[in-house]
Each structure stands twice: as structure tokens, then as C-alpha cells.
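1. Can you look at this prediction? I've put the sequence above it.
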Amino acid sequence: MNQPVFFGMVIVVGTLALIMVFIAYQIRKIEWLKRHGRPIVAVVTSIRHETGKTSAGFSRDNYYVTARWTHPRTRRTYTLLDMGHELLSVLYARRIGAGTD
């Protein structure tokens, strides 16, 4: 087998392995949230939009969402920030899990 073909096969197999690991991680995170998290409804208090350029010169849009949620039993208020990397509901469930009552 010549070297460029082998190198290409290694790249493809490595990329597929990374994709499979990422998918497995996401599935585990979703299953954890189903077992330990709880759905909540929060009030969005602000949405900020920023535009700019990456270091490579490509344009980008960033949205920053801030929301507030008050625990119905303890009346403690949580301010939650989503910086566009995850769904806001996933962030809520992660920060306010079933064990934090």
C-alpha cells in the first residue's frame, strides 16, 4: 500500500471516530438531563446581537440571551445566560438540576 493512500485512510478513520465519540457524548448528556434535570419556563429579559469578523476575516453574528427564572418553592431567582453555544433549555437543566431544590 502506498503512503498517501494509507495517510488518507488514517485521516478518514480518525475523523469518523471523532464524530462517533461526539455523538455518544451528546447522547449521554441528553440521557443525563432526562434523568436528573427538569423542564422550566424562564422569562427572557434581554437579547443582544453582535456582529464582527473572525481572525480569518469571515463575518459572524453572535446572539447573547439572558433569562430569569424563579424557583416556585424557594423563591430564589436565577439569572441564566446563553452565549449561543447551547440551547438555553439545556443550560437551565444543567444549572438547576433535580438535586438543587
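-> Right, received. Where do you want to start?
2. from here on, contacts and neighbour counts on C-alpha atoms
-> OK.
3. Mind giving me the packing neighbours of the longest helix along the chain?
-> Among the segments of the chain that qualify as a helix by DSSP state H, the longest is helix 3-36. With contacts defined as 3 or more C-alpha pairs under 8 Å, 6 or more residues apart in numbering; DSSP states H and E, the packing partners of helix 3-36 are helix 88-95.
4. picking up where we left off before, pull out the buried residues from the longest helix of the chain.
-> Going by neighbour count (16 or more other C-alpha atoms under 10 Å), the buried part of helix 3-36 is L33.
5. Centre of the chain to it, how far?
-> The chain centre lies 17 Å from the centre of helix 3-36; the measure is C-alpha atoms, centre = their mean, to the nearest Å.
6. and the next element down the chain from it?
-> For helix 3-36, the following helix or strand on the C-terminal side (DSSP states H and E) is strand 43-53.
7. Can you tell me the strand partners of that following strand and which way each runs?
-> Strand 43-53 has the following sheet partners, assigned by DSSP bridges: strand 59-70 (antiparallel).
8. And the next helix or strand past the strand it pairs with?
-> Downstream of strand 59-70, the next assigned helix or strand under DSSP H and E is strand 77-82.
9. Distance from that following strand to the middle of the chain?
-> 15 Å.
10. just stretch 70-81 next, same as before
-> Computed by C-alpha atoms, centre = their mean, the chain-centroid distance of stretch 70-81 equals 21 Å.
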